[in-house]
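Undergrad: structure of the sequence below:
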Amino acid sequence: MVKKLLAAFIALAVVFSPVGGSLIHDGSNVASAKGYKSGKRSFDSGSNNQSSLFKNNNSNSVKQNNTSKNSSSKSTAASSKRGGLMKGLLMGGIAGLLFGSLLSSLGPLGPILGFMVNMLVIVALILLVVKLFQSVRSNKRKNEEVKSWRQ
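TA: Predicted coordinates:
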């Protein structure tokens with residue numbers, strides 16, 4: 001009975017380990033659309049260039065619509081220079097590598113501790129966002145109370 005339980009436990013450990021995914025994985029790693037090559041394109045927000053597939057045949061109406069718009073309506077929003085998604089992914093990847101190398105000497109306990117650290121960071125971020133919304137909401141309520149007494 002103990003041998004069967006031990007065998008079942010080892011089988012589960014192999015299935016749920018990172019090595020188990022590569023041992024049991026039966027799909028191929030080759031992409032089915034590897035022969036597809038897309039055209040070379042770049043994004044330019046200032047131009048209205050359309051590809052020949054999506055080009056409007058009546059280009060005069062597009063030009064008329066563009067000239068009829070008010071030219072004085074310009075965007076007043078400042079461009080953000082904080083980074084973005086790729087910077088966040090890069091910093092997260094670097095942090096993951098640092099924690100991975102830091103916890104790698106712990107053996108099987110390393111990934112567990114790394115997961116716990118990641119979960120603590122995610123929970124801390126969620127709590128920070130919730131506190132931010134609560135403070136904004138309470139400031140609005142205080143301002144409404146002050147305005148109601150002034151009238």
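Undergrad: mean confidence for the helix or strand harbouring L132?
TA: If you go by DSSP states H and E, L132 is part of helix 109-150. For helix 109-150, the mean pLDDT works out to 83.
Undergrad: packing partners for that helix?
TA: Packing contacts for helix 109-150, counted by 3 or more C-beta pairs under 8 Å, 6 or more residues apart in numbering; DSSP states H and E, involve helix 85-103. Where C-beta positions appear, they are placed from N, C-alpha and C, glycine not excepted.
Undergrad: on that earlier part again, give me the angle between the helix holding L132 and helix 85-103.
TA: Put simply, helix 109-150 runs at 140 degrees to helix 85-103, going by axes from the mean of the first three to the mean of the last three C-alpha atoms, to 10 degrees.
Undergrad: count of neighbours near G92?
TA: If you count neighbours by other C-beta atoms under 10 Å, G92 ends up with 12.
Undergrad: how close does it get to N118?
TA: To N118, G92 is 9 Å away according to C-beta to C-beta, to the nearest Å.
Undergrad: swap in N143?
TA: In terms of C-beta to C-beta, N143 sits 38 Å off from N118.
Undergrad: looking at the two, which is more packed in?
TA: The neighbour count for N143 versus N118, taken as other C-beta under 10 Å, is higher for N118 (14 against 10).
Undergrad: which residues of the chain score low on pLDDT?
TA: Applying pLDDT under 70 to the chain picks out residues 18-83, 85-86, 89-91, 151.
Undergrad: quick check: W149 vs L120, distance?
TA: Here the distance between W149 and L120 works out to 43 Å (C-beta to C-beta).
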